[in-house]
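[1] predicted model follows, preceded by the sequence.
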Amino acid sequence: MSHSGSVSTSEIAVQVVEGEGLELNALGVPGETTDVILEVEGRELHANRAVLAHYSPVFEKMFFSRFKESSEARVRLPGKSYKDLVLFFNTLFPRAPDSLCQISDGNLLMLLTLADEYQADQVKDRCQDYIGRELYLYFCRFYNYYAVKSSGSVSTPLKGCNTKGQDLTKPQLIDKLVLYMLACDKFSLPLYKDRVEVLLIRFCDKFKDLSTASHYTALPGATRIVLLELMCKKLSGW
């Protein structure tokens, strides 16, 4: 995508304001380089059309085509959460080298949903990187699944692991893996899907471990069939 002038995230991130437990970019305040106001839940996000268009084909069509938004100074985004969009933009326009710092299991699917809607491949890539980092932090020492099987929980959190000092039970670890499997399947993130699948089967002792996991019922039918077939092979000793 090409528009007048060079495009840089600094055109948007001109000031930081605190709010809602997030560090917000200058999308929250007007500046010399902002030329459009996004209105979300009655609140304003001040942005630059060219920067948004550079990162999102959807915004490119919105602002540089015959859509009515192309000539409007204020654009309403109905049905969107202000907090979600701020997090989405902060992930799309990272202020720091570690652009994964605000991604979590709790907002992963939301970010991927917005990335899909706005065709923001950078956000999808960062979400995929987040999954890879979490697999390393939580599971790199547990490819030997029996380290967990004996006690049913991780007795010592991994160094650098963001468990906040709390152990994760085996069901919690399985929940994480099912979440990542759903994200990989639903949003076409191929890089870690096979690794997630292998770990998931290793951590499950019985069908119930899998079927009672959060997000399991949201998995595509074909994926559930594959997982159940792999569980059958494991339990039958194949």
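    Alright, I've got the coordinates.

[2] show me how far the helix or strand hosting His46 is from its chain's centre.
    Counting by DSSP states H and E, the element that carries His46 is strand 43-47. In terms of Cα atoms, centre = their mean, to the nearest Å, the centre of strand 43-47 is set 22 Å apart from its chain centre.

[3] so which elements touch it?
    Counting by 3 or more Cβ pairs under 8 Å, 6 or more residues apart in numbering; DSSP states H and E, the packing neighbours recorded for strand 43-47 are strand 36-40, helix 82-92. Where you see a C-beta, it was placed from the backbone N, CA and C, and this is true even at glycine.

[4] tabulate those (CSV), appending mean neighbour count and mean pLDDT.
    Formatted as CSV, the entries for the helices and strands packed on strand 43-47 read as follows, by neighbours: other Cβ atoms under 10 Å; pLDDT from 0 to 100:
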stretch, mean neighbour count, mean pLDDT
strand 36-40, 18, 89
helix 82-92, 21, 90
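
[5] what distance do you get for Leu200 to Ser71?
    Here Leu200 is placed at a distance of 50 Å from Ser71 (Cβ to Cβ, to the nearest Å).

[6] quick one: which of these two has more around it?
    Between Leu200 and Ser71, counting by other Cβ atoms under 10 Å, Leu200 is the more crowded of the two (22 against 8).

[7] longest helix in the protein, by residue count?
    Assignment by DSSP state H gives helix 121-139 as the longest helix of the chain.

[8] mind giving me the domain split of this protein?
    Per the record, the chain has its domains at 9-94, 128-236, by automatic domain parsing.

[9] and the pLDDT for Leu230?
    With respect to pLDDT, Leu230 has a value of 94.

[10] got it, and Ile103?
    In the predicted model, Ile103 carries a pLDDT score of 91.

[11] what does stretch 124-132 contact?
    Under the contact criterion Cβ atoms under 8 Å, 6 or more residues apart in numbering, stretch 124-132 has outside partners 91, 94, 99-100, 103, 108, 111-112, 115-116, 180, 183-184, 187, 189, 191-192, 196.

[12] buried ones only from the residues you listed, please, as a ChimeraX command.
    If you want just the buried ones from the contacts of stretch 124-132 in ChimeraX, going by 16 or more other Cβ atoms under 10 Å, the selection is:
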select :91,94,99,100,103,108,111,112,115,180,183,184,187,189,192,196
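
[13] nothing else from me, thank you.
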